[in-house]
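>>> Need a 3D model of the following:
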Amino acid sequence: MRLLVVVTGHGGVNCRGMGARVWSDPRVLKILSEDYIIVALYNDDKQKLDEKDYVTDAQSGKVYEDLGRANSYLARTLWGVNAQPNYILLSDEGEQLVPVRGYDLSVDGFIAFLQSGLDAFSAR
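Now for the predicted structure:
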(Lines give C-alpha, C1' and ligand atoms only; values in the text may rest on other atoms or scores of the structure.)
Protein backbone atom coordinates (compact mmCIF):
# COMPACT_ATOMS: atom_id res chain seq x y z
CA MET A 1 0.00 0.00 0.00
CA ARG A 2 1.24 3.47 -0.87
CA LEU A 3 -0.15 6.76 0.42
CA LEU A 4 -0.28 10.13 -1.27
CA VAL A 5 -0.60 12.79 1.42
CA VAL A 6 -1.90 16.04 -0.02
CA VAL A 7 -1.26 19.18 2.02
CA THR A 8 -4.04 21.41 0.73
CA GLY A 9 -6.65 24.00 1.59
CA HIS A 10 -10.30 24.65 0.85
CA GLY A 11 -9.50 28.12 -0.46
CA GLY A 12 -6.21 27.40 -2.20
CA VAL A 13 -6.16 28.67 -5.78
CA ASN A 14 -3.05 26.63 -6.56
CA CYS A 15 -4.65 23.54 -5.04
CA ARG A 16 -7.69 23.92 -7.30
CA GLY A 17 -5.39 24.54 -10.27
CA MET A 18 -3.57 21.27 -9.65
CA GLY A 19 -6.88 19.45 -9.52
CA ALA A 20 -8.20 21.03 -12.68
CA ARG A 21 -5.04 20.86 -14.76
CA VAL A 22 -3.01 17.93 -13.43
CA TRP A 23 -5.18 15.52 -11.46
CA SER A 24 -7.84 15.55 -14.16
CA ASP A 25 -5.44 14.05 -16.71
CA PRO A 26 -6.53 10.44 -17.41
CA ARG A 27 -2.96 9.13 -16.94
CA VAL A 28 -2.72 10.74 -13.49
CA LEU A 29 -6.18 9.51 -12.52
CA LYS A 30 -5.26 5.97 -13.53
CA ILE A 31 -2.13 5.90 -11.35
CA LEU A 32 -3.92 7.50 -8.41
CA SER A 33 -6.90 5.16 -8.54
CA GLU A 34 -4.84 1.99 -9.02
CA ASP A 35 -1.71 2.60 -6.96
CA TYR A 36 -2.32 5.10 -4.15
CA ILE A 37 -4.57 5.82 -1.23
CA ILE A 38 -5.06 9.58 -0.99
CA VAL A 39 -5.11 11.42 2.33
CA ALA A 40 -5.84 15.16 2.36
CA LEU A 41 -4.60 17.45 5.14
CA TYR A 42 -6.55 20.70 4.93
CA ASN A 43 -4.49 23.47 6.53
CA ASP A 44 -7.32 26.00 6.51
CA ASP A 45 -10.09 23.85 8.01
CA LYS A 46 -11.62 25.73 10.97
CA GLN A 47 -13.40 22.67 12.39
CA LYS A 48 -12.87 22.49 16.14
CA LEU A 49 -11.37 19.24 17.38
CA ASP A 50 -12.62 17.28 20.37
CA GLU A 51 -10.33 18.00 23.31
CA LYS A 52 -8.98 14.42 23.16
CA ASP A 53 -7.77 15.14 19.60
CA TYR A 54 -5.87 18.36 20.35
CA VAL A 55 -2.29 18.36 19.07
CA THR A 56 0.42 19.82 21.30
CA ASP A 57 3.73 21.15 20.00
CA ALA A 58 6.37 19.23 21.95
CA GLN A 59 8.84 22.14 21.72
CA SER A 60 6.69 25.15 22.59
CA GLY A 61 3.74 23.54 24.35
CA LYS A 62 1.34 25.34 22.00
CA VAL A 63 -1.97 23.50 21.67
CA TYR A 64 -3.71 23.26 18.30
CA GLU A 65 -7.46 23.00 18.80
CA ASP A 66 -8.74 23.14 15.20
CA LEU A 67 -8.19 20.72 12.37
CA GLY A 68 -6.37 23.10 10.03
CA ARG A 69 -3.80 24.23 12.57
CA ALA A 70 -3.21 20.65 13.71
CA ASN A 71 -2.74 19.53 10.10
CA SER A 72 -0.38 22.43 9.41
CA TYR A 73 1.69 21.57 12.48
CA LEU A 74 1.93 17.93 11.41
CA ALA A 75 2.98 18.84 7.86
CA ARG A 76 5.67 21.20 9.19
CA THR A 77 7.08 18.77 11.72
CA LEU A 78 6.82 15.56 9.71
CA TRP A 79 7.79 16.78 6.22
CA GLY A 80 9.07 20.34 6.60
CA VAL A 81 6.35 21.92 4.45
CA ASN A 82 4.38 25.01 5.36
CA ALA A 83 2.59 25.78 2.12
CA GLN A 84 -0.09 24.33 -0.06
CA PRO A 85 -0.25 22.34 -2.15
CA ASN A 86 2.46 19.86 -1.29
CA TYR A 87 2.51 16.16 -2.04
CA ILE A 88 4.17 13.46 0.03
CA LEU A 89 4.47 9.79 -0.99
CA LEU A 90 4.62 7.32 1.89
CA SER A 91 4.90 3.57 2.30
CA ASP A 92 2.38 1.67 4.38
CA GLU A 93 4.82 2.01 7.29
CA GLY A 94 4.95 5.82 6.99
CA GLU A 95 8.36 5.92 5.31
CA GLN A 96 8.73 8.87 2.94
CA LEU A 97 9.55 7.34 -0.44
CA VAL A 98 10.79 10.37 -2.42
CA PRO A 99 11.30 14.11 -1.81
CA VAL A 100 8.18 16.24 -1.34
CA ARG A 101 6.70 17.79 -4.48
CA GLY A 102 5.12 21.23 -4.40
CA TYR A 103 2.99 23.20 -6.81
CA ASP A 104 3.93 22.48 -10.43
CA LEU A 105 1.43 22.21 -13.28
CA SER A 106 3.53 19.77 -15.33
CA VAL A 107 1.39 16.68 -15.88
CA ASP A 108 4.40 14.68 -17.05
CA GLY A 109 6.34 15.85 -13.99
CA PHE A 110 3.57 14.74 -11.64
CA ILE A 111 3.37 11.36 -13.37
CA ALA A 112 7.15 10.99 -12.97
CA PHE A 113 6.79 11.90 -9.27
CA LEU A 114 4.08 9.26 -8.74
CA GLN A 115 6.10 6.68 -10.66
CA SER A 116 9.22 7.45 -8.62
CA GLY A 117 7.22 6.65 -5.50
CA LEU A 118 6.12 3.33 -6.99
CA ASP A 119 9.70 2.54 -7.95
CA ALA A 120 11.03 3.43 -4.49
CA PHE A 121 8.33 1.32 -2.86
CA SER A 122 9.19 -1.68 -5.06
CA ALA A 123 12.91 -1.31 -4.33
CA ARG A 124 12.42 -1.55 -0.55
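>>> what packs against the longest helix seen in the chain?
In the chain, with assignment by DSSP state H, the single longest helix is helix 107-123. Identification of packing neighbours for helix 107-123 by 3 or more C-beta pairs under 8 Å, 6 or more residues apart in numbering; DSSP states H and E yields strand 2-8, helix 26-35, strand 86-91. Bear in mind the C-beta positions are built from the backbone N, C-alpha and C, glycine included.
>>> What about Y64, how many residues nearby?
For Y64, the neighbour count with other C-beta atoms under 10 Å is 18.
>>> Contacts only, for it.
Y64 makes contacts with L49, Y54, V55, T56, D57, A70, S72, Y73, as judged by C-beta atoms under 8 Å, 6 or more residues apart in numbering.
>>> from the residues you listed, which would you call buried?
Applying 16 or more other C-beta atoms under 10 Å to the contacts of Y64, the neighbour count classes L49, V55, A70, S72, Y73 as buried.
>>> isn't there a strand covering D104?
No. With DSSP: H, G, I helix; E, B strand; the rest coil as the criterion, D104 is assigned coil and is not in a strand.
>>> Can you name the residues that contact it?
F110.
>>> between the buried ones among the contacts of Y64, which is nearest W23?
Using C-beta to C-beta, S72 comes nearest to W23 of the buried ones among the contacts of Y64, at 21.8 Å.
>>> which helices and strands does the helix or strand containing that closest one pack with?
Using DSSP states H and E, S72 sits within helix 67-79. If you count contacts as 3+ C-beta pairs under 8 Å, 6+ apart, helix 67-79 packs onto strand 2-8, strand 37-42, strand 55-56, strand 63-64, strand 86-91.
>>> Can you tell me how far G117 is from V22?
Separation of G117 from V22 (C-beta to C-beta, to the nearest Å): 15 Å.
>>> higher neighbour count, those two?
G117 (25 against 19).
>>> And for the more buried one, nearest residue in space, chain neighbours not counted?
Leaving out its chain neighbours, the residue that sits closest to G117 by C-beta to C-beta, 6 or more residues apart in numbering is L89, at 3.5 Å.
>>> Now do the contacts for that neighbour.
So L89 contacts 2-5, 36, 96-98, 113-114, 116-117, 120 (C-beta under 8 Å, 6+ apart).
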